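dropping the sequence and predicted coords here.
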Amino acid sequence: MQLSNLFKKSPKQEAPKKELMKDDPFGSPEMRKKRYDAAMEFIKMFQERIPLVGGKPHAGTVLSVAARLAGTSLFRATHKKDVTPGVIVLSEEVNQAYPQLLNLFAFYCRKNGMDVMSRPLVTEFSEQDKPRMEVAEIQAEYQDQYNAIMKKYGLDYLEGARAGMIVCSIVFQYHCVSVKDIDPFVATGIIAMGVVEGTKTAPPPLGSKPVKKEKRFVLGEQDAAIQDALANGGGFMDINPEIMKMLKEKNIDPFLVYEQAVLKQMEEKIDRFDFVQADVDALFKEWNGKPSDKAPIPVRLVLWMKKNASSHGYEQSGNSWVLKQ
């Protein structure tokens, strides 16, 4: 399902309750339409560059991208002088504007049938839900296209921040109502914190070359690999035990599933494969020359990488295999 399909009703079609916002930031019908159209165009672009964890969108990260971009737009609306990127800047103007953005997000959620402000704001998140991208990464990766789209529809930085609340409500609806992979109140907390982080973190200048962050795939014992990937970022394999059982019942080697997963990552030219809680060379020395089908899956992956990784453009570096430049 496309994210854009989840927000069928335009906020321009319905006048907001005046008590929601002081000074009614919804503005004229024309301005409301511009914000909506800009948000929908950004969503269309974002779907093609959405951050993935384990091959699928990661709710906490997706929500934080939308919120931090909105916050960054508000930063630019309230700070006219250049500030060193990454510096935290506090201002009373931001403190006053931030609640308005969160109230605007809550308004759109109520239109979709959910009162996200009916409980105290969540500010602590589990490792599973925590965003995997830093504020600076998000700004560098998405800010140019975000601002270009807002400018295309005649929105200044303040209106761009308000349009960002529509984006937040769309990704919220997707993750909390459609796929249900995050608690709505946790999601609201991530959005609230994301807006704050964006409004207080000086972004790099528009047009700056994004700093490329290495993409990694974590291998090893399944639980250890998953925990490392969730804590430090990266893809991982989480194969349902029932699938493994079915393969064994049909005399199909389960290792084929792992092999295909690694090959797929290699075809996509992922930057590196990291084995965690394993000494690759020691395992190779112990198992080299023995029947590989008797070895545990992580060991078989080591043996496979030793034999095949170089032909796919990867070279060993310690307990990792890194894509050759």
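Sure, I can see it. Residues are numbered from 1 along each chain as shown.

only C-alpha atoms from now on, for both contacts and neighbour counts.
Fine.

where exactly do the strands run in the protein?
Along the chain, counting by DSSP state E, strands occupy 52-53, 56-57, 216-219, 272-275, 314-317, 320-323.

other residues contacting the third one?
It refers to strand 216-219. 225-226, 228-229, 233-237, 265, 270-276, 298 (CA atoms under 8 Å, 6 or more residues apart in numbering).

same question, the second one
Under the contact criterion CA under 8 Å, 6+ apart, strand 56-57 has outside partners 50-51.

give me the sheet partners of that strand and which way each runs.
strand 52-53 (antiparallel) (DSSP bridges).

so how far is the strand it pairs with off the chain centroid?
7 Å (CA atoms, centre = their mean, to the nearest Å).

then stretch 165-183?
With CA atoms, centre = their mean, you get 13 Å for stretch 165-183.

export that stretch as PDB, just CAs?
Taking C-alpha atoms only, stretch 165-183 is exported to PDB below (Å, rounded to 0.1, in the frame of the first residue of the first chain):
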ATOM      1  CA  MET A 165       2.900  17.900  10.000                       C
ATOM      2  CA  ILE A 166       0.800  16.500   7.100                       C
ATOM      3  CA  VAL A 167       3.700  14.300   6.200                       C
ATOM      4  CA  CYS A 168       4.000  13.100   9.800                       C
ATOM      5  CA  SER A 169       0.300  12.300   9.900                       C
ATOM      6  CA  ILE A 170       0.500  10.200   6.800                       C
ATOM      7  CA  VAL A 171       3.500   8.100   8.000                       C
ATOM      8  CA  PHE A 172       1.800   7.900  11.400                       C
ATOM      9  CA  GLN A 173      -1.400   6.500   9.800                       C
ATOM     10  CA  TYR A 174       0.700   4.000   7.800                       C
ATOM     11  CA  HIS A 175       2.700   2.600  10.700                       C
ATOM     12  CA  CYS A 176       0.100   2.800  13.500                       C
ATOM     13  CA  VAL A 177      -3.100   2.000  11.600                       C
ATOM     14  CA  SER A 178      -2.200   0.100   8.400                       C
ATOM     15  CA  VAL A 179       0.800  -2.100   9.300                       C
ATOM     16  CA  LYS A 180       0.500  -1.600  13.100                       C
ATOM     17  CA  ASP A 181       4.200  -2.000  13.800                       C
ATOM     18  CA  ILE A 182       4.500   0.700  16.400                       C
ATOM     19  CA  ASP A 183       2.300   1.900  19.300                       C
END
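
what residues of that stretch count as buried?
When burial is assessed from 16 or more other CA atoms under 10 Å, stretch 165-183 yields the following buried residues: 165-177, 181-182.

next, name the residue at the spatial heart of the chain.
residue 61 (2.9 Å; CA atoms, centre = their mean).

ok, now how distant is residue 319 from residue 166?
44 Å (CA to CA, to the nearest Å).

list the contacts for residue 279?
residue 319.

please tell me how far it sits from residue 299.
According to CA to CA, residue 279 stands 10 Å off from residue 299.

returning to that earlier point: just give the closest residue to the residue nearest to the centre of the chain, not the sequence neighbours.
Closest residue to residue 61 apart from its sequence neighbours, by CA to CA, 6 or more residues apart in numbering: residue 131 at 4.1 Å.

any idea of the pLDDT on the one you found?
Residue 131 is assigned 93 on the pLDDT scale.

got it, and residue 11?
pLDDT at residue 11 comes out at 40.

now stretch 74-84: how far from the chain's centre is it?
25 Å.

give me the contacts around it.
Stretch 74-84 is contacted by residues 93-94, 156-158, 160-161, 198-204 when judged by CA under 8 Å, 6+ apart.

which stretches of this protein form helices?
Along the chain, counting by DSSP state H, helices occupy 29-48, 59-78, 92-111, 135-152, 157-173, 184-200, 222-232, 241-249, 255-267, 280-287, 297-308.

for those, which has the smallest mean pLDDT value?
Among the helices of the chain, helix 241-249 scores lowest, with a mean of 81.

buried residues in that helix, which are they?
Within helix 241-249, the residues that qualify as buried are residue 247, counting by 16+ other CA under 10 Å.

and if you look at stretch 132-151?
For stretch 132-151, by 16+ other CA under 10 Å, it's 132-133, 135-144, 146-147, 149-150.
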